[in-house]
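> my questions are about this predicted structure, shown below with the sequence.
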Amino acid sequence: MKRFADISHEQVALEGVKLRLDDIINKEIEVTGFRINKTKYIKNESEKCLMLQFKLNGETSVLFTGSDVLIRQMEKYGHEVPFLTMIKKVNRYYTFA
């Protein structure tokens, strides 16, 4: 008998405690999942929103951001999930380091 998870092509829900991006700046996180969707609040060039799921100190968390740099990096390197990283704030933008 097949399991639904084996035949479903739907995206798995990302769960965790919601944190703000500034709460994790310069802290090592393990990125465990992500989703990029069209944003409701157009404040960035891409008109996209990144939902990032990660582990910090063993606890699963999520954050939402419209950072175009982080969105581009996840579009380019998202196939490498899971991975360890830090998010740095450089002047007025955020980047994985």
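Looks like it arrived, so ask away.

> tell me the SS of Ala13?
Under DSSP: H, G, I helix; E, B strand; the rest coil, Ala13 falls in the coil class.

> burial count for the closest residue in space to Glu28 that isn't next to it in sequence?
Nearest-residue entry for Glu28: Met86, 5.5 Å, with adjacent residues in sequence omitted and distances by Cβ to Cβ, 6 or more residues apart in numbering. Backbone N, C-alpha and C define where each C-beta goes, glycine included. Burial measure for Met86: 13 neighbouring residues, criterion other Cβ atoms under 10 Å.

> now swap in Glu30 and tell me
15.

> could I have the host helix or strand of Gln53 exported to PDB, CA atoms only?
Using DSSP states H and E, Gln53 sits in strand 48-56. Taking C-alpha atoms only, strand 48-56 is exported to PDB below (Å, rounded to 0.1, in the frame of the first residue of the first chain):
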ATOM      1  CA  LYS A  48       8.900  37.800  -3.000                       C
ATOM      2  CA  CYS A  49       8.900  36.700   0.600                       C
ATOM      3  CA  LEU A  50      11.300  34.100   2.100                       C
ATOM      4  CA  MET A  51      10.000  31.800   4.800                       C
ATOM      5  CA  LEU A  52      13.100  30.200   6.400                       C
ATOM      6  CA  GLN A  53      13.000  27.200   8.700                       C
ATOM      7  CA  PHE A  54      16.000  26.600  10.900                       C
ATOM      8  CA  LYS A  55      17.400  25.200  14.100                       C
ATOM      9  CA  LEU A  56      18.900  27.400  16.700                       C
END
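
> pull up the pairing partners for that strand, direction included.
Taking DSSP bridges as the criterion, strand 48-56 forms sheet pairs with strand 29-38 (antiparallel), strand 59-65 (antiparallel).
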